[in-house]
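In: give me coordinates for this.
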Amino acid sequence: MLSPQVMFMLAGLALVMLLLGAFSGPNAKKESTRRLQQVRFRHSDSAVDKVEAQYRKAIASRTPRAYRVAGSASRTEALALRLHRTGKGWTLSQYLYASLGLGLTVAALIFLKTGALLLAVPAGLLVGAGIPHFVVNRAITKRTNAFVTRFPDALELLVRGLRSGLPITETLGVVASELPGPVGEEFKLVTDRIKVGKTMEEALQDTADRLDMAEFSFFCITLAIQRETGGNLAETLANLADVLRKRAQMKLKIKAMSSESKASAYIVGALPFIVFGLIYWINPVYMGKFFIDERLIVAGMGGLCWLGLGAFIMAKMVSFEI
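Out: Below is the predicted model:
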């Protein structure tokens with residue numbers, strides 16, 4: 001057994017090493033390698049290096065701009081962007097009023113029922129902030145899935161238009177008019193921006209920043225690289241459509257393989273609430289102390305925090321990036 005003094009010394013040494021690693025700045029060797037690689041990409045005559053350089057440039061230029069400015073304004077802008085991604089037409093004021101109304105209603109009902117202010121305020125904050133956030137996430141996920149499902153069809157329609165001799169701007173208009181749902185709506189916004197004077201790259205960049213979707217970013221990067229290096233755009237988009245279809249198939253396979261783990265997580269997460277509800281239904285006087293005794297309220301809040309942490313860890317364990 002180590003003495004407490006030795007344990008404190010080891011903990012202090014570990015803390016000092018972490019602080020040194022955090023504030024020591026970038027590694028000189030890695031920085032030198034990165035600069036040499038940039039010079040090689042810039043002055044190389046190899047087609048592979050040129051394509052990779054254009055790819056890195058396109059990736060850097062297509063970083064979403066919604067989070068670049070720190071502070072409250074950027075968070076407000078990010079929230080407005082999330083509401084726009086739902087496709088429901090919800091405004092920022094409607095979202096804030098709904099959150100505030102839900103929170104105050106739940107807090108007032110719990111306080112009138114139990115008289116426990118220590119329970120009513122956290123419950124109101126949790127419901128007021130959680131339920132609108134959950135609803136917005138569900139709407140964004142639903143619209144994103146609908147977009148991803150039809151996006152390969154849009155690329156194939158672009159390929160057919162390009163092979164028939166139409167320019168890329170005209171084929172974008174054909175996609176906007178022919179495909180229903182989120183894909184047609186987003187391509188309609190792209191064509192409208194082009195009509196008012198924006199370049200195609202700027203119009204696609206605005207849509208990519210707003211959607212924040214890997215599939216559409218692949219499409220924008222493909223167009224950017226093709227404009228710099230040349231080549232058969234129709235064949236490139238056909239290959240991209242095939243890749244996106246296979247990517248969607250892989251997502252479905254992963255969803256099927258992880259369904260058992262997700263079901264187990266749902267059951268384990270719901271058991272404490274089910275048991276609490278059953279005991280409260282059988283003996284409400286016994287469980288009613290949870291809403292009166294401050295010690296039990298604090299213990300219940302702590303249990304909810306640990307339960308939320310466990311649910312977060314299980315969600316990360318069954319979440320896979322493709």
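
In: following the lengthiest helix in the chain, which helix or strand comes up?
Out: Using DSSP state H to define each element, the chain has its longest helix at helix 117-163. Using DSSP states H and E, the helix or strand that follows helix 117-163 in sequence is helix 168-178.

In: what angle sits between the longest helix of the chain and helix 168-178?
Out: Counting by axes from the mean of the first three to the mean of the last three C-alpha atoms, to 10 degrees, helix 117-163 points 120 degrees away from the direction of helix 168-178.

In: pLDDT on helix 117-163, on average?
Out: For helix 117-163, the mean per-residue pLDDT is 86.

In: now stretch 82-102
Out: 86.

In: now do the buried residues in that stretch.
Out: 82, 83, 84, 85, 86, 87, 90, 95, 99, 102 (16 or more other C-beta atoms under 10 Å). In short, each C-beta sits where N, CA and C put it, glycine included.

In: of the residues you listed, which belong to helices?
Out: Taking DSSP H, the ones among the buried residues of stretch 82-102 that sit in helices are 82, 83, 84, 85, 95, 99, 102.

In: columns distance to residue 288 on top of those residues, output as JSON lines?
Out: Formatted as JSON lines, those follow (distance: C-beta to C-beta, whole Å):
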{"residue": "82", "distance to residue 288": "39"}
{"residue": "83", "distance to residue 288": "40"}
{"residue": "84", "distance to residue 288": "45"}
{"residue": "85", "distance to residue 288": "43"}
{"residue": "95", "distance to residue 288": "35"}
{"residue": "99", "distance to residue 288": "29"}
{"residue": "102", "distance to residue 288": "25"}
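
In: what's the closest of these to residue 197?
Out: For those, the residue nearest residue 197 by C-beta to C-beta is residue 84; the value is 22.0 Å.

In: for residue 256, state which of the ones in helices among the buried residues of stretch 82-102 is nearest.
Out: Using C-beta to C-beta, these come closest to residue 256 at residue 85, 26.6 Å.

In: that closest one and residue 179: what is the separation?
Out: Noted for residue 85: a distance of 18 Å to residue 179, by C-beta to C-beta, to the nearest Å.

In: residue 166 now?
Out: 16 Å.

In: what about those two, which has more around it?
Out: Under the criterion of other C-beta atoms under 10 Å, the comparison of residue 166 against residue 179 puts residue 179 first, with 19 against 15.

In: find the nearest non-adjacent residue to the more buried one, please.
Out: Nearest residue to residue 179 in three dimensions, chain neighbours excluded: residue 154, at 5.6 Å (C-beta to C-beta, 6 or more residues apart in numbering).

In: got a list of what that neighbour touches?
Out: By C-beta atoms under 8 Å, 6 or more residues apart in numbering, the contact set of residue 154 is 175, 179, 183, 187.

In: tell me the one of the ones in helices among the buried residues of stretch 82-102 nearest residue 158?
Out: Checking those against residue 158 with C-beta to C-beta, the nearest one is residue 85 at 22.8 Å.

In: give me the element residue 221 is part of.
Out: For residue 221, the enclosing helix or strand under DSSP H and E is helix 214-229.

In: list the buried residues of the following helix or strand past that helix.
Out: Using DSSP H and E, the helix or strand that follows helix 214-229 in sequence is helix 233-257. Within helix 233-257, the residues scored as buried using 16+ other C-beta under 10 Å are 233, 234, 236, 237, 238, 240, 241, 244, 248.

In: spatially speaking, which residue is in the middle of the chain?
Out: Nearest to the geometric centre of the chain sits residue 212, at 7.7 Å (C-alpha atoms, centre = their mean).

In: from residue 220, how far off is that one?
Out: According to C-beta to C-beta, residue 212 and residue 220 sit 12 Å apart.

In: kindly report the same for residue 300.
Out: Distance of residue 300 to residue 220, computed by C-beta to C-beta: 49 Å.

In: how about residue 268?
Out: As judged by C-beta to C-beta, residue 268 and residue 220 stand 41 Å apart.

In: neighbour count: those two, which is higher?
Out: More crowded of residue 268 and residue 220, by other C-beta under 10 Å: residue 220, with 19 against 13.

In: and that one, what pLDDT?
Out: Residue 220 is assigned a pLDDT of 84 by the prediction.

In: other SSEs contacting the helix holding residue 221?
Out: helix 47-61, helix 117-163, helix 200-211, helix 233-257 (3 or more C-beta pairs under 8 Å, 6 or more residues apart in numbering; DSSP states H and E).

In: distance to residue 109 for these - can I get that in JSON lines?
Out: Below are those laid out as JSON lines (distance: least, C-beta to C-beta, whole Å):
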{"stretch": "helix 47-61", "distance to residue 109": "50"}
{"stretch": "helix 117-163", "distance to residue 109": "8"}
{"stretch": "helix 200-211", "distance to residue 109": "38"}
{"stretch": "helix 233-257", "distance to residue 109": "38"}
